[in-house]
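>>> pasting a predicted model and its sequence here:
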Amino acid sequence: MGLFDDVQARSLAKPEIFWAEAASEIDWYKPYTKVLDGSDAPFYRWFSGGELNTCYNALDRHVEQGRGEQTALIYDSPVTDTKENITYSDLLKRVAKFAGSLAQLGVAKGDRVIIYMPMIPEAAVAMLACARLGAVHSVVFGGFAANELATRIDDCSPKVIVSASCGIEVSKVIPYKPLLDEAIDLSTHKPDHCVIWQRPQIEASMTAERDVDWAEIEGQASAVDCVPVAATDPLYILYTSGTTGQPKGIVRDNGGHAVALHWSMKNIYNVEPGEVFWGASDVGWVVGHSYIVYGPLIYGATSVMYEGKPVGTPDPGAFWRVISEHNVSVLFTAPTAFRAIRQQDPDASYLDKYDLSCFRTLFLAGERCDPDTLNWALDKLKVPVIDHWWQTETGWPIASNCLGIEELPIVAGSPARSVPGWDVRILDADDHSEMPAGDIGAIVCKLPLPPGTFSTLWNAKERHRQAYLTGFPGYYETGDAGYKDENGYIYVMSRTDDIINVAGHRLSTGAMEEVLAAHEDVAECAVIGVADKLKGQLPLGFMVLKAGAQKSHSDVVAEVVQKVRHDIGPVAAFKLAVVVGRLPKTRSGKILRATMRKIADSEDFKVPATIDDPVILDEIRVALQSIGYGNT
């Protein structure tokens, strides 16, 4: 057994001792009385009886320890040509003042505050200011549709909403205030106030008595100290991006969250305090919460907040410039970002323009990383490329190559092994027996989950039980399907819903996507299951080709059809594929496979609230109609 095996075994055999050791790295106002509280199982709680403040752990303690002049946050915005380095001391001053502003508006411990902001430092300031007061923030992705924002307003009933006049998507300015005003008109609950950060690109019109100018109220406020909260008190609510019905409000607590994220920064990402860590995501998503704001700052690292895209701001070298200019050691982004870079610059010629000698590791997560993308990144960057897997509900990785413990062999297609603290099993969907190595089943995690995971759903405890805990009693149901190999490596093949049944054979669309992605001309792909009268379902592939690809579309389709037949077998019945200009995705980069399937099957569907560009759905419909599908 190696070091990783030892750590993993200890974390599962003696979890209370293991996480108590990790908790010693966090500053507590009052010690916890119980590490793991199972009195309300299966709703376990961590560090009951303890009191702390997340903002104190992220800012104050670093300043008190003499590290105030270290850069806490690097703001890099190619869309506004702005760069700013904010020290821990300066960030603390801004957060303490804005917390005072919120307190003047009546925000107190336990109150909810919705934050509807673009990727600017003020978004992080607002989050940390809420944490400082013990208020519960709910960040809603900036530019979200008004009706979706309205459902979140009604669900969490915020006392105050914090927003900005606009966001910027590449070169397009998106006014936020009209969306916010419409959302408030649509909602039953009405906030007492809206605090608006006026950006120079657009000045928002203000509603008398309700709206207040951020700069004005901050200028009048006094700094406030941190408010002690219970470890089990909520820090934030983050709504999952469901496309139907009521969104699920994931609740994260203060104590377990701080402990788990601090532990992960060293043990998973192998970052040292003071190094530059870049989570290339958005604060509206869980990655932005965990690894732009809270994780790096609680740990004492320097975090990058980037307002831009991987390509187009201004070119496919955008990420390389940021890494080089800001001395980034570790980058965490989505596979879709690297597929976009590769599609525009297959030979990675832009890498030659920048010095990346500072760069040590690339981490990928968000959806499955196909082996071809991982191998391309390995080949071009010459550093370890670590695929790892986690979810909004979990808050931090379930499976990863834990570089701070022991670097394991990188295996393309797998996020490696379950992280210490996680007991991951592959179970049969029918009888719940454990599947043999190599056989696909439902991926579940044995309860209790480790610290830092969601404690409940906001005002929906029974929904939490039904959605996650009843399908496999004693386990958390991830909703993902996959398998383990004989070495314990986990392979997350697809969502459970994406396991298709072809003439009685259960097949993973993810396995077929791997084959398509390996084609020399394919930059990105997706496979869905479409209805078939004879076989029940048939796989259908979508492919985006690399810039400069020379082969005809029909040739590429013929070659991937033959390749799937060769690699997976005739049982896959893979005969349908189409080339498209782009794939429909959420703003966080997830491909909207379920929506594509509904279009193909001519079913009614709701345009997902998180979609990046709704026009793409029409492009998909036209492409499907060219092969006899999607006729409505």
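Structure's in. What do you need?
>>> what's the helix ranked longest in the chain packed up against?
Criterion DSSP state H: the longest helix present in the chain is helix 88-104. Applying 3 or more Cβ pairs under 8 Å, 6 or more residues apart in numbering; DSSP states H and E, one finds that helix 88-104 makes contact with helix 61-64, strand 71-77, helix 121-133, helix 214-220. No exception for glycine: its C-beta is placed from N, CA and C like everyone else's.
>>> which other residues reach stretch 52-70?
26-30, 72, 87-89, 91-92, 95, 99, 128-129, 131-132, 134, 226-229, 231, 235, 254-255, 257-258, 262, 273-274, 293-294, 297-298, 300, 302 (Cβ atoms under 8 Å, 6 or more residues apart in numbering).
>>> mind checking pLDDT for residue 503?
Predicted confidence (pLDDT) at residue 503: the value is 60.
>>> and the closest residue to residue 365 other than its chain neighbours, what's its pLDDT?
Once flanking residues are discounted, residue 365 sits nearest to residue 388: 5.1 Å by Cβ to Cβ, 6 or more residues apart in numbering. With respect to pLDDT, residue 388 has a value of 96.
>>> shaky segments in the protein?
Residue ranges of the chain with pLDDT under 70: 1, 241-245, 496-499, 501, 503-506, 632.
>>> using the record's assignment, carve it into domains.
3-308+388-483, 503-625 (automatic domain parsing).
>>> pick the most deeply packed of these.
domain 3-308+388-483 (a mean of 20; mean count of other Cβ atoms under 10 Å).
>>> follow-up on the earlier one: same list (the helices and strands packed on helix 88-104) but as CSV, adding distance to residue 439.
Formatted as CSV, the helices and strands packed on helix 88-104 follow (distance: least, Cβ to Cβ, whole Å):
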stretch, distance to residue 439
helix 61-64, 48
strand 71-77, 46
helix 121-133, 43
helix 214-220, 55
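>>> closest one to residue 39 among these?
helix 121-133 (26.4 Å; Cβ to Cβ).
>>> may I have that closest one exported as CSV, CA atoms only?
Written as CSV, here are the backbone C-alpha positions of helix 121-133 (Å, rounded to 0.1, in the frame of the first residue of the first chain):
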residue,chain,number,x,y,z
PRO,A,121,-14.4,41.8,-7.5
GLU,A,122,-17.6,43.2,-6.1
ALA,A,123,-19.2,39.8,-6.4
ALA,A,124,-16.6,38.3,-4.1
VAL,A,125,-16.9,41.3,-1.8
ALA,A,126,-20.6,40.8,-1.5
MET,A,127,-20.3,37.1,-0.8
LEU,A,128,-17.7,37.6,1.9
ALA,A,129,-19.7,40.5,3.4
CYS,A,130,-22.7,38.2,3.8
ALA,A,131,-20.5,35.6,5.4
ARG,A,132,-19.1,38.2,7.8
LEU,A,133,-22.6,39.1,9.0
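>>> and the next element down the chain from it?
strand 136-139 (DSSP states H and E).
>>> quick one: list the elements packing against that following strand.
Short answer (3+ Cβ pairs under 8 Å, 6+ apart): strand 136-139 packs on strand 112-116, helix 121-133, helix 146-156, strand 234-239.
>>> give me the contact list for that strand.
Residues contacting strand 136-139 (Cβ under 8 Å, 6+ apart): 110-117, 123, 126-127, 130-131, 152, 156, 158, 234-239, 249, 283-284, 288-289.
>>> nearest to residue 351, out of the helices and strands packed on helix 88-104?
strand 71-77 (18.5 Å).
>>> that closest one - contacts with which helices or strands?
Against strand 71-77 (3+ Cβ pairs under 8 Å, 6+ apart) you get strand 82-87, helix 88-104, helix 121-133, strand 302-306, helix 318-326.
>>> mind checking which helix or strand residue 4 is in?
Assigned by DSSP H and E, residue 4 falls in helix 3-13.
>>> oh, that last question was meant for residue 462, not what I typed.
Per DSSP H and E: helix 461-464 holds residue 462.
>>> what residues does that helix touch?
Under Cβ under 8 Å, 6+ apart, the answer for helix 461-464 is 43, 248, 456, 457.
>>> C-alpha coordinates for the helix or strand just after it, PDB please?
Next helix or strand after helix 461-464 toward the C-terminus (DSSP H and E): strand 475-484. Listed next in PDB are the C-alpha coordinates belonging to strand 475-484 (Å, rounded to 0.1, in the frame of the first residue of the first chain):
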ATOM      1  CA  TYR A 475     -26.200   6.000   0.100                       C
ATOM      2  CA  TYR A 476     -26.200   9.300  -1.600                       C
ATOM      3  CA  GLU A 477     -27.400   8.800  -5.200                       C
ATOM      4  CA  THR A 478     -25.200  10.800  -7.500                       C
ATOM      5  CA  GLY A 479     -27.300  10.400 -10.600                       C
ATOM      6  CA  ASP A 480     -24.200   9.300 -12.500                       C
ATOM      7  CA  ALA A 481     -23.500   6.000 -14.100                       C
ATOM      8  CA  GLY A 482     -20.100   4.300 -14.500                       C
ATOM      9  CA  TYR A 483     -17.800   1.600 -13.300                       C
ATOM     10  CA  LYS A 484     -14.600   0.900 -11.300                       C
END
